[in-house]
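> When you get a sec, could you give me coordinates for this:
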Amino acid sequence: MENMDGPAPNRSPSEPPADPTPTSNEARKENCCDKFLTCLSHVPCASLIAWIILLLGLGGLTGSLLYGVTKCRKVMDEPSFWWFMEFTVIGVVVIMFVLGTLFLVIAHLSSDPTNRYVFNTSKKNMCARGLNVFVLFLAYFLAVIWVAASSLGVMPLLVSTFILSTDFKKGDCIELKYYGLNKTICEPELEMFLKDGKELFTCYIFTYVSAVLVTISMIHFLIAVSANYTHLKDSRFATYNAYETEDVRNSKHSILDTNM
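Got it, this is the predicted structure:
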């Protein structure tokens, strides 16, 4: 029977049929790109930046304080001067690192869109909001403490600036009792004291900058936690047990209409 649709187009036997579908390499590239974007959308960027700033501040604080205390003991010729400083610095750094890491983990779980899957019921959402409120108060408390620590870090800078800017003449002495130390330094130790004082001044600058960085990281955590609490408060409208399916589907926070 004759074909009513007309003759078939001529095609060479060696010519492969046209494949309108994309190649496997292109599909693999698209899938990898989509997976990368999906993973990137789950990263709490604000909290991650705050955590990195916290690590920079803690690292600078540890190095500058430990070196500064060692230098002070050498200058004052008192091996027991501030003997507790190493333990205090290590304890503070470890505690702040652990708390900062916990803040980052909580921020990851509470950020959008992760919270839609982790805290997908009303009770879980309420617990998550309570946890973020606790973290908010804790971060605020730590921010106040580090603001005070940064203010105290100005005092050694002022004292060092005053001593180093003074024009000492031959035969002059420094009475350190006015600065809380029962010691008098005269020539020829005075020249060496001023030389070491310049190195200590650099340590004090790094200590102050590091304390300011830790303070900034706490403020960043405050902003991130506040935003996460708002997301959690809005995401409660997307829970199954709070609304009917149609209400959830029409909500802008609906997990039914999520493609992440």
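> My read is that Thr207 contacts Leu65, right?
Yes - using CB atoms under 8 Å, Thr207 is in contact with Leu65, at 5.8 Å. C-betas here are computed from N, CA, C, even on glycine.
> Tell me where the stretch 1-150 of the chain has helices.
24-41, 45-76, 85-110, 114-118, 122-152 (DSSP state H, counting those that start in this stretch).
> Of those helices, which is nearest Leu176?
Among the helices of the stretch 1-150 of the chain, helix 45-76 comes nearest to Leu176, with 8.2 Å by CB to CB.
> The closest one - contacts with which helices or strands?
Under the contact criterion of 3 or more CB pairs under 8 Å, 6 or more residues apart in numbering; DSSP states H and E, the helices and strands touching helix 45-76 comprise helix 85-110, helix 189-235.
> Which residues are in contact with the most centrally placed residue in the chain?
Closest residue to the average C-alpha location of the chain: Trp51 at 1.4 Å, with CA atoms, centre = their mean. Contacts here follow CB atoms under 8 Å, 6 or more residues apart in numbering; on that basis Trp51 touches 100-101, 103-104, 217.
> hang on, Ala149 packs against Ala211?
Yes - counting by CB under 8 Å, Ala149 does reach Ala211; the two are 5.2 Å apart.
> More neighbours: those two, which one.
For Ala149 versus Ala211, neighbours defined as other CB atoms under 10 Å are more numerous around Ala211 (24 against 17).
> If I look at the nearest residue to that one once chain neighbours are set aside, what pLDDT would I see?
What sits nearest to Ala211 in space, not counting adjacent residues and going by CB to CB, 6 or more residues apart in numbering, is Ser150, at 4.3 Å. Each residue has a pLDDT score; the one for Ser150 is 91.
> If you rank the contacts of Trp51 by neighbours, which is first?
With neighbours taken as other CB under 10 Å, the top of the contacts of Trp51 is Ser217, carrying 28 neighbours.
> roughly how far apart are that one and Gly57?
The span separating Ser217 from Gly57 equals 6 Å under the rule CB to CB, to the nearest Å.
> Low-confidence stretches in the chain?
Residues of the chain that meet the criterion pLDDT under 70 lie in 1-30, 36-42, 115, 171, 179-180, 235-260.
> please redo it, this time with the cut-off set to 50
For the chain, the stretches flagged by pLDDT under 50 are 1-4, 24, 26-27, 240-249, 253-260.
> quick one: the residue lying closest to Gly63 once chain neighbours are set aside and Gly59, what's the gap?
Counting by CB to CB, 6+ apart, the nearest residue to Gly63 once its immediate chain neighbours are dropped is Phe206, at 7.4 Å. Phe206 sits at a distance of 10 Å from Gly59 (criterion: CB to CB).
> re earlier: for the helices and strands packed on helix 45-76, which one sits closest to Leu138?
Among the helices and strands packed on helix 45-76, the nearest to Leu138 by CB to CB is helix 85-110 (7.4 Å).
> Remind me what the closest one packs against, helices and strands.
The criterion is 3+ CB pairs under 8 Å, 6+ apart, and the helices and strands that helix 85-110 contacts are helix 45-76, helix 114-118, helix 122-152, helix 189-235.
> Out of these, the one nearest Val159 is which?
Across these (criterion: CB to CB), the nearest stretch is helix 189-235, sitting at 8.9 Å.
> tell me which residues form a beta bridge with Thr184?
Legend: beta-bridge partners of Thr184 under DSSP bridges are Glu175.
> close enough to count as contact, it and Ile174?
Yes - with contact defined as CB under 8 Å, Thr184 reaches Ile174; the gap is 7.0 Å.
> Pick out whichever of these two has more residues nearby.
Set Thr184 next to Ile174 and count neighbours by other CB under 10 Å: Ile174 wins out with 20 against 11.
> isn't the more buried one right up against Glu191?
No - Ile174 sits out of contact with Glu191 when judged by CB under 8 Å, with a separation of 11.5 Å.
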